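Enquirer: what would the 3D arrangement of this be:
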Amino acid sequence: MHIMQRTRHKTLVVTLGSPLAGEDSVGCRIFEKVRGKIDARVEYLGTDIFRFSNVYKNEKKVVFIDAVYSERMEAGEVVYFSGEEIFKFLNDVAVDAHMLGVGEGLKILKEVMPSFPKNLHFIGISCKKFGVGEMSIEVEKGMEEAIKKLMEIL
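Expert: Purely as a prediction, here's the structure:
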């Protein structure tokens with residue numbers, strides 16, 4: 001009898017954001033849409049980037065997905081960064097505490113985690129309303145764009 005080995009995922013997808021806060025729930029919604037449907041392990045960390053150190057299992061590639069807030073971006077606009085760009089961009093826009101969370105959080109994690117992924121990606125969906133309320137059509141579309149981008153990276 002031949003027993004199939006379950007393939008170990010080479011990629012971890014981490015989604016962030018509040019499940020309750022309007023457009024900020026975009027990470028949670030993407031988690032629900034892609035979990036079990038893509039060749040990657042998918043984890044939803046809520047708003048706590050530091051939980052990454054507990055879920056990371058030495059996957060070669062890690063993709064973070066989160067809502068971003070920036071005056072300069074339209075609602076639903078999708079941004080993509082990889083490697084060192086992530087730290088640079090997330091600092092440029094770090095006026096907002098939530099953004100600061102991701103950039104600064106990853107910087108700290110990089111210092112303290114015994115092994116930290118070298119192949120790092122970030123997909124952000126520009127959101128305008130956080131707090132309660134519906135997700136705008138623009139952000140819904142942005143969410144679909146972000147999922148397409150994720151498929152390209154995988």
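
Enquirer: for the protein, which spans come out with low pLDDT?
Expert: With pLDDT under 70 as the threshold, the chain has low-confidence stretches at 1-8, 90-101, 130-132.

Enquirer: need the residue closest to the centroid of it.
Expert: The centroid of the chain falls nearest to residue 65 when counting by CA atoms, centre = their mean (1.6 Å).

Enquirer: need the phi and psi values for that residue.
Expert: phi -130, psi 130 (degrees, to the nearest 10).

Enquirer: that one and residue 123 touch, don't they?
Expert: Yes: taking CB atoms under 8 Å as the definition, residue 65 is a contact partner of residue 123 at 4.8 Å. C-betas here are computed from N, CA, C, even on glycine.

Enquirer: list residues touching both of the two?
Expert: Overlap between the neighbourhoods of residue 65 and residue 123 consists of 146, 150, taking contacts as CB atoms under 8 Å, 6 or more residues apart in numbering.

Enquirer: re earlier: show me the contacts for the residue nearest to the centre of the chain.
Expert: Taking CB under 8 Å, 6+ apart as the criterion, residue 65 is in contact with 13-16, 26-27, 30, 122-125, 146, 150.

Enquirer: among those residues, which ones are in helices?
Expert: 26-27, 30, 146, 150 (DSSP state H).

Enquirer: show me where the chain has its helices.
Expert: According to DSSP H, the helices that the chain contains are 26-34, 52-55, 84-92, 97-112, 137-153.

Enquirer: buried residues in the last one, which are they?
Expert: Spelled out, it's helix 137-153. By 16 or more other CB atoms under 10 Å, the buried positions in helix 137-153 come out as 138-139, 142-143, 146-147, 149-150.

Enquirer: what's the closest of the residues you listed to residue 69?
Expert: Within the buried residues of helix 137-153, distances to residue 69 taken as CB to CB reach their minimum at residue 139, with 11.6 Å.

Enquirer: what about the closest one, distance to residue 59?
Expert: Distance of residue 139 to residue 59, given as CB to CB, to the nearest Å: 28 Å.
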